[in-house]
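> below are the sequence and a predicted model; questions follow.
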Amino acid sequence: MTTAHHVADRPSEPGVPAPAGSGPAAPGAPGHRPAGAADTVGAATSLLDAYEPGRARFFASPTRTLLAHGVRAEVPHGTTPLVRRVTETLDAQLLAGHEAPVVIGAVPFAPTAPAALAVPEA
């Protein structure tokens, strides 16, 4: 699995100067980014460029970006609380020897709709 954090050490656009007067915005102000966010924009974009519809899952938040490929295991549907089903799926992956598994997918707003969650292969 690749995250923007793993590739954030390389500059996003070498040789491109920052715009004049482009100092950091105050926390809570429009345009404010957490420390280090500017360095990860190029990395996040490269992950999105590597996205393959139908074969990958892409997740981005203000602080993290994740690109996952394949499906190692799916979180089952059922009446058991979702948190328990996710925990059991991750525990099974750990017992199978998979180091640091994660779950990625979507949880619907409608409480009766099924979640689409999986442990990616990579």
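Good, I have the coordinates. Residues are numbered from 1 along each chain as shown.

> got the contact list for the closest residue to residue 70 other than its chain neighbours?
Closest residue in space to residue 70, ignoring its immediate chain neighbours: residue 121 at 3.0 Å, by Cβ to Cβ, 6 or more residues apart in numbering. Yep, even glycine has a C-beta here, placed from its N, CA and C like the rest. Under the criterion of Cβ atoms under 8 Å, 6 or more residues apart in numbering, the neighbours of residue 121 are 68, 69, 70, 71, 72.

> report the beta-bridge partners for the second one.
So the one you mean is residue 69. In this entry, residue 69 is beta-bridged to residue 56, by DSSP bridges.

> where's it relative to residue 83, distance?
25 Å (Cβ to Cβ, to the nearest Å).

> which one of those two has more residues nearby?
residue 69 (15 against 8; other Cβ atoms under 10 Å).

> on the pLDDT front, check that one for me.
Predicted confidence (pLDDT) for residue 69: 90.

> looks like it contacts residue 119 (just checking).
No - using Cβ atoms under 8 Å, residue 69 is not in contact with residue 119, being 11.8 Å away.
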